[in-house]
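Colleague: Return a 3D structure for these sequence lines:
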Amino acid sequence: MGTRACRDNLEPYLRRVMINSAIGRARRRAILSIIREHSPPETLRAIYSELLSHYHE
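Modeller: A predicted model of the protein is given here:
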C-alpha cells in the first residue's frame, strides 16, 4: 500500500514529506530554545561558533 500508492498518486507522498520536514523544523526550534534557556551566554557563544565553523569549511 505505501510505496505502490506513491506511484499512482504523488499527493499522499508529498503531504508526508511536507509534514515530516515541518516536524523536523519544529524539533530543531524546540531543541534550540531549550539550549538557550538552560545555557549560560558563554556556552551559547561556544556552540554558535562551533556551528558556524562547520558551515564555513
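Colleague: So what's the residue count around Leu44?
Modeller: 13 (other Cβ atoms under 10 Å). (Each C-beta comes from the backbone N, C-alpha and C, glycine too.)
Colleague: what's in contact with the helix or strand harbouring it?
Modeller: Leu44 belongs to helix 41-55 when elements are defined using DSSP states H and E. Helix 41-55 has contacts (Cβ atoms under 8 Å, 6 or more residues apart in numbering) with 35-36, 39.
Colleague: okay, those in TSV with neighbour count next?
Modeller: Formatted as TSV, the contacts of helix 41-55 follow (neighbours: other Cβ atoms under 10 Å):
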residue	neighbour count
Ile35	12
Arg36	11
Ser39	13
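Colleague: which of these lies closest to Pro12?
Modeller: Nearest to Pro12, judged by Cβ to Cβ, of those is Ile35 at 34.9 Å.
Colleague: what residue ranges in this protein are flagged as low confidence?
Modeller: 1-7, 54-57 (pLDDT under 70).
Colleague: which residue lies farthest from the center of it?
Modeller: For the chain, the residue at maximal distance from the C-alpha centroid (Cα atoms, centre = their mean) is Asp8, at 29.1 Å.
Colleague: any idea how far that residue lies from Val17?
Modeller: 17 Å (Cβ to Cβ, to the nearest Å).
Colleague: Arg36 now?
Modeller: From Arg36 to Val17 the distance is 29 Å (Cβ to Cβ).
Colleague: can you tell me which of the contacts of helix 41-55 are in helices?
Modeller: Among those, the residues falling in helices (DSSP state H) are 35-36.
Colleague: can I get the contacts of helix 41-55 in a markdown table with distance to Ala26?
Modeller: A markdown table is the format used below for the contacts of helix 41-55 (distance: Cβ to Cβ, whole Å):
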| residue | distance to Ala26 |
| --- | --- |
| Ile35 | 15 |
| Arg36 | 16 |
| Ser39 | 20 |
